[in-house]
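Colleague: fold the following for me, if possible:
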Amino acid sequence: MPVGVFLFCIYRIEWKAETPDESERAVNVTPTGPGYFDEGDLVGVLTSQPLDRVLDYRAPEGGCHAGAFVEVPLGPRKVLGVVWGSGQGDYDKARIRSIIRVLDAAPMREELQVFLQRAAEYTLTPLTAMLRLATRVPGLSNPPSMQKVYRLGNGRPNRETEARGRVLDVLEEFGGLSFTLSELSKQAGVTPSVVKGLVAQDCVLEEDTPRDLPFARLDVDCGGKTLSADQATAAGQLRTAAQSGGYGTTLLRGVTGSGKTEVYLEAVAEAVRQGRQALVLLPEIALTAEFLKRFEARFGARAGEWHSGVTMTERRRLWKIVGQGGCQVVVGARSALFLPYQNLGLIVVDEEHDSSYKQEDGVLYNARDMAVLRASICGAQVVLASATPSLESWANAEAGKYQRIELSSRFGASVLPDFRAIDMRLEKLPSSRWISPSLEAAVNNRIAKGEQALLFINRRGYAPVTICRACGHQVTCKDCDATLVEHRFQNRLICHQCGESEPVPEVCPHCEAEGRLAAVGPGVERLSEEASNLFPQARVATLSSDLYTSARALKQQIEEIAAGAADIIIGTQLVAKGHNFPKLTLVGVIDADLGLQGSDLRAAERTFQLMRQVAGRAGRSEAPGTALLQTFQPEHSVIRAILAGDEEGFWQTEAAERKQVGMPPYGRMAGIILSSPDLQEVFEIGAELARRDGPIRQIGAQVFGPAPAPIARIRGRHRVRLLIKAPKGVALQKAISQWIAQVKTPNQFRLSVDIDPQSFY
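Modeller: I've put the predicted structure just below:
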């Protein structure tokens, strides 16, 4: 497939600095090793404030160690910082202030300091912003204290009520974790008096505990499953790597349902045996609950959790305890990579190809790549697990940089699904319908057998466009150049760029014609409506992130579906990975061509991955599965590769095309995005940058643009992009730093840099 025209997009880092009272110096120091500073010694403190400076302070009474987390005065404020090394001392010593206090937390290890600095250099991010990632935890500066926490008791309430049931459900769901009164009340949606009433009946236990307790120790010999021959061989290779005590990366590639999780859990067990900590990264919060159940069955205790769905109390507890070595394994989202591990020995990146590992606002980084960086610094092993690996990881394995382990067959009696295409050009389908007659017949067949069918469309909401049939006006966001997406279940139009929403209007906002607004195109809600009409006797469940107010509600729905509570599942890419529905034997993809539209560099790769992943939900038990792809382009090379199942051939073809044009992973890319409320200003500065591209040309790279971003205005800010295409191996970051330093930007102007961009919009 031709690579085509490449769109380019950058995300947001603001390059601003305040001028504090304290002395400042540029952050170009190398972190020092363990050292002690006596009271009054000059130390350099890196704060979490957006200064991009290390500040000189005096060590407090009692002294402090390098890496100590401290509270320091900054102007009239008290802010968090880390002792980064010796002070520079080139400032009026009479004006240098003292550290207020050393916080009750294990000092930051030199390994983490080095990692933050190298990550900042690679992503061209201010080091202070990287430190904020590593200290993003509530109550870190609070002194040690006791608190009342609430856990599941043994009693049953004398009177069952819905509110009491929700409290007990929450405590059971989180496996006995502790909650404060406010957290438990909020999580269950009840008043504190409901919890107190359950305490009086011993249904809930109220305890006084230190705020930050260690986690239960894991039993590595507790519940390991019997592995197949292929799994045992793969697990043995990972155990051997973990025993080496050094750095290495392994690509664990296994077809869907091959048991990759059980294999890499053996590597986790080996790391724990070696007295080292392990981190398992998951791409979606929705996958966490099921994974933690499997983990607890394997090790007899729960891992530490780190993601946005965890309570503030548990986040603070995990952050502190992991730094003391009191938590052996952490399971979490990409930000878990920045926790202060005492002895990190293994990082698993599950579904390593997933685009959600790329942080696309604030600090721009790819967690997969940063995992490899951190492991190389601390001498840890990395396992990149996927059924459809990224081309970057595939190429590194081909080049011998990564080891590769293959699991080519499903575990047990299940077999891979049969792929077929439905040629939509031959289907007699009314314009208001999206499920073809062929797919309808297949769904009816599965329902008659008592099996489940999944209908997949990678588009949220009811319809992507609302248009006036009187004047042709498309309803758009007032602050963004984006159409509003109708969410009929909520009766609102929502902007998927800025999140603004409004009620669905009765009249056209442009011509004021009444009753002429029409929804155009399908979304997951519209597909659900059609399925309910076509299959009136079937139980239809819709899985989309927009439809659930909490991770708990989504988890409950997934568990009910897995237990057979639905006949037809309607889902977005939320259902494409990690879930196991034993009765699901048919997957129908409504628009297999959707991802091939446009000119994204990775369009073919992502379409191939998504189709193979979602099809892999079918036939994971004994009944065989089928995947039907509705397509208007059955002859397209990507569709043919999906149907043939020739994964290795697809990667080789895609790699050859990328290599021919020098695109990643055989070349380098970086994006610059400029944004401002003033359209003329943003274009003028973009043009000035393009004229001063000497530092870029000196390394043999090219600059394209400036050009309007495809979404040229977000939140009232106009956006202009430039793209850099460079040969592999050049000093790209240094050239970019020199290049953008030539241009002075106004206060309201933002310039952002994205190294190795993943999304192009």
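Colleague: Ser528 looks like it's in a strand, true?
Modeller: No - according to DSSP: H, G, I helix; E, B strand; the rest coil, Ser528 belongs to no strand; its state is helix.
Colleague: list the contacts for it?
Modeller: Listed by C-beta atoms under 8 Å, 6 or more residues apart in numbering, the contact partners of Ser528 are 540, 542, 570. Bear in mind the C-beta positions are built from the backbone N, C-alpha and C, glycine included.
Colleague: so Leu751 is in which element?
Modeller: Secondary structure assigned from DSSP states H and E places Leu751 in strand 750-755.
Colleague: quick one: mean pLDDT over that strand.
Modeller: Model confidence over strand 750-755 averages 92 on the pLDDT scale.
Colleague: CA atoms only: put it into CSV for me.
Modeller: Once non-C-alpha atoms are left out, strand 750-755 reads as follows in CSV (Å, rounded to 0.1, in the frame of the first residue of the first chain):
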residue,chain,number,x,y,z
ARG,A,750,2.2,28.3,22.3
LEU,A,751,4.9,26.2,20.6
SER,A,752,4.8,22.4,21.1
VAL,A,753,7.2,19.7,20.0
ASP,A,754,6.2,16.1,19.4
ILE,A,755,9.1,13.7,18.9
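Colleague: strand partners (parallel or antiparallel) of it?
Modeller: strand 667-676 (antiparallel) (DSSP bridges).
Colleague: contacting residues around the residue nearest to Val310 when sequence neighbours are not counted?
Modeller: Ranked by C-beta to C-beta, 6 or more residues apart in numbering and with sequence neighbours excluded, the top spatial neighbour of Val310 is Leu318, at 7.7 Å. For Leu318, the contacting residues are 215, 304-306, 310, 327, 330, 339, taking C-beta under 8 Å, 6+ apart as the criterion.
Colleague: can you pull the phi/psi pair for Leu318?
Modeller: Dihedral angles phi and psi of Leu318 (degrees, to the nearest 10) take the values phi -60, psi -40.
Colleague: same check, this time on Gly155
Modeller: Note on Gly155: its backbone torsions stand at phi -80, psi 170 [degrees, to the nearest 10].
Colleague: how many neighbouring residues does it have?
Modeller: Gly155 sits with 13 neighbouring residues when counted by other C-beta atoms under 10 Å.
Colleague: the strands in the stretch 1-150 of the chain, which residues?
Modeller: Listed from the start of the chain, the stretch 1-150 of the chain has strands (DSSP state E, counting those that start in this stretch) covering 24-26, 36-37, 42-47, 53-58, 64-65, 69-74, 77-86, 101-102, 146-152.
Colleague: hmm, which helix or strand of the protein has the shakiest average pLDDT?
Modeller: Among the helices and strands of the chain, strand 24-26 carries the lowest confidence by mean pLDDT, DSSP states H and E, at a mean of 34.
Colleague: who touches stretch 231-248?
Modeller: Contacts of stretch 231-248 with the rest of the structure, by C-beta under 8 Å, 6+ apart, involve 227, 250, 252, 254, 258-259, 262-264, 266-267, 270-271, 274, 345-346, 375-376, 379-383, 403, 405, 407, 411.
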